[in-house]
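Undergrad: Need coordinates for the below:
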Amino acid sequence: MSNVIKIGMIGLDTSHVLAFTQLLNNPDHEYHVPGGKVIAAYPGGSPDFELSISRVAGFTKQLQEEFGVQILDSPEAVAEVSDAILLESADGRVHLEQFRSIAPYGKPVFIDKPLAVRSDEAREIVELAKQYDIPIMSTSALRYAEGLVQALKASDKSSVTGADIYGPMTIEPTQNGYFWYGIHTVEMLFTILGKDCEQVTTFSNTDHDVIIGTWSDGRIGTVRGNRIGNVKFGATIHRKDECDSVDVYSHPKPYYASLMEQVMTMFQSGKPVLDLEETLKVIRFIEAANESRITQATIRL
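TA: Down below sits the predicted model:
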């Protein structure tokens, strides 16, 4: 046990807390991620966000009863007893405040998506991480879906010329437009095309959204979201000589496991595994898409 990283968890209001704890704490899990164990947690929860506050009690009870996780009364108390932290609060509005309270402890932190629901708050989180010299990362697990990773690794493919991503686009009033579900499709788009997006235009109606990004090299990427019940994610990667369809469900390994492997690499090495500048661009892209949805204008990043 001396080599096992003691992991603290902040915010027990998302199903991710159980998914991640099962992967880390259960050595019999088919996709067990070794090297760390969740040992303490702070429940949190946002009273004005029903999908947050309504789930805190149940997930807290499960962590206690099924995994023996110690429940503490503040984020600071969790940071004090942990080697690394999973900041899991479903409400992106509280991430800056919670990170501000734990950053002085100097522990590496994974902040579940989205990093923040405003780009100025996202930048402040990154500046705090630099100030205290701690590695952080924040992303949707879909960035590491095996179907997407394998499609991009293919060595016999021609160069990528664009991408179209699709998925559900539920709007949660407390979470600033596209930040609630758009983060997943936008992360996939940036994984394929990179961070150098220059402008964003959004077309939207009651049931559908199409977000168009133009990259600095002229490539175009789109996100198509829906609110009609189709909850599947996927992508088409356009290449010079062909097009690839990406099925993120094609591999039995869950993308939560692939994500947690990356998080544990950061926890163990003390080095970031994802470019924070790209993460900031993802947040700004979503913010700009929200602006374009309202103004019906193209927004430069």
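Undergrad: so is Lys107 in a helix, a strand, or just coil?
TA: coil (DSSP: H, G, I helix; E, B strand; the rest coil).
Undergrad: can you pull the buried residues of the longest helix belonging to the chain?
TA: Across the chain, the longest stretch assigned as helix under DSSP state H is helix 276-295. By neighbour count on 16 or more other CB atoms under 10 Å, the buried set for helix 276-295 is 276, 278-290, 292-293. Backbone N, C-alpha and C define where each C-beta goes, glycine included.
Undergrad: go on, stretch 202-219?
TA: Thr202, Ser204, Asp209, Ile211, Ile212, Gly213, Thr214, Trp215, Arg219.
Undergrad: list the contacts for the residue lying closest to the third one once chain neighbours are set aside?
TA: Just to be clear, that refers to Asp209. Using CB to CB, 6 or more residues apart in numbering and skipping residues adjacent in sequence, the residue nearest Asp209 is Gly225, 4.3 Å away. Contact partners of Gly225, counting by CB atoms under 8 Å, 6 or more residues apart in numbering, are Tyr166, Gly167, Pro168, Met169, Tyr178, Tyr181, Gly182, Thr185, His208, Asp209, Val210, Ile211.
Undergrad: if we can go back for a sec, counting only strands, which of the buried residues of stretch 202-219 make the cut?
TA: Among these, the ones falling in strands (DSSP state E) are Thr202, Ser204, Asp209, Ile211, Ile212, Gly213, Thr214, Trp215.
Undergrad: The fifth one touches Val200, doesn't it?
TA: Read it as Ile212. Yes. Using CB atoms under 8 Å, Ile212 makes contact with Val200 at a distance of 7.1 Å.
Undergrad: burial measure for Gly58, as a count.
TA: Residues lying near Gly58 (other CB atoms under 10 Å) number 12.
Undergrad: Would you verify that it is located in a helix?
TA: Yes. Assignment of Gly58 by three-state DSSP places it within a helix.
Undergrad: Show me what Val38 bridges to in the sheet.
TA: Ile7 (DSSP bridges).
Undergrad: Now do it against Ile85, distance only.
TA: Between Val38 and Ile85 the computed distance is 10 Å (CB to CB, to the nearest Å).
Undergrad: Pull up the overlap in contacts between the two.
TA: Common neighbours of Val38 and Ile85 (CB under 8 Å, 6+ apart) are Ile7, Gly8, Met9.
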